[in-house]
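In: with the input below, show me the fold.
(one chain, ligands or ions: 1)
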Amino acid sequence: MAIRNLRYDGDPILRKISKEVKEVTPRIEELIDDMFETMEAENGCGLAGPQVGVLKRIFVIDVGDGPMEFINPVILEKSGSQTGGEGCLSLPGKIATVTRPNHVVCEAYDRHMNKFRIEGEELLARAICHEYDHLDGVLYKDVADGPLCNVDDYEEE
Ligand code: ZN
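Out: Residues are numbered from 1 along each chain as shown. Model prediction:
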């Protein structure tokens, strides 16, 4: 396992559309392991392929319930809403207020290409939406309610 170099806001790769994964090769398994390691090392709660320079529809999340991997995710349902501060490893030191669904149902595959369905509430719902957006080249600042702030100056509304 290895820590991968992060891509930061301004890097054109973050604006590209990621491709579906057709087969989980040993290289992709290694990528997923590296993404977990990188996310942990950076104290993030989510990381998507483009953020480590790989345009594949893969993201990993850990919001405190253990690491979860999502391959070819699809968000089937969104409901409710939550408004709060959101950050991203590709925009270090920044935060903005973003309104997201409070509940999502997501279907994805794990590395064994077993399909699973997960219901996310609150932080998990936020993380799934945020990471999913990365796969379509969208950053949270694009969908934020307000301007990007420095973490130290940010006040929760
Ligand atoms: Zn992000």
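In: does the closest residue to residue 143 other than its chain neighbours sit in a helix, a strand or a coil?
Out: Leaving aside its sequence neighbours, residue 143 sits nearest to residue 98 (Cβ to Cβ, 6 or more residues apart in numbering; 6.1 Å). Glycine gets a C-beta too; all of them are placed from N, C-alpha and C. The local conformation at residue 98, judged by DSSP: H, G, I helix; E, B strand; the rest coil, is strand.
In: what are the bridge partners for residue 98, then?
Out: residue 84 (DSSP bridges).
In: same deal with residue 115?
Out: Bridge pairing for residue 115 - DSSP bridges - gives residue 109.
In: do the same with residue 103
Out: residue 79, residue 121.
In: what about residue 155, distance to residue 96?
Out: According to Cβ to Cβ, to the nearest Å, residue 155 and residue 96 sit 12 Å apart.
In: distance of the residue nearest the centre of the chain from residue 152?
Out: Against the mean C-alpha coordinate of the chain, by Cα atoms, centre = their mean, the closest residue is residue 131 at 2.2 Å. Using Cβ to Cβ, we find residue 131 at a distance of 25 Å from residue 152.
In: to what extent is the spatially closest residue to residue 112 that is not a sequence neighbour buried, counted in neighbours?
Out: Leaving aside its chain neighbours, residue 112 sits nearest to residue 24 (7.4 Å; criterion: Cβ to Cβ, 6+ apart). For residue 24, the neighbour count with other Cβ atoms under 10 Å is 17.
In: now do residue 38
Out: When neighbours are counted by other Cβ under 10 Å, residue 38 comes out with 21.
In: for my notes, confirm it occurs in a strand.
Out: No. Using three-state DSSP, the assignment for residue 38 is helix, not a strand.
In: that one: what's it in contact with?
Out: Neighbouring residues of residue 38 by Cβ atoms under 8 Å, 6 or more residues apart in numbering: 3-4, 6, 47, 52.
In: among the residues you listed, which are in strands?
Out: residue 47 (DSSP state E).
In: three-state assignment of residue 152?
Out: Classification of residue 152 using three-state DSSP returns helix.
In: any idea how far residue 139 is from it?
Out: 21 Å.
In: so residue 71 is in which element?
Out: strand 68-79 (DSSP states H and E).
In: list the buried residues in that strand.
Out: 68-73, 75, 78 (16 or more other Cβ atoms under 10 Å).
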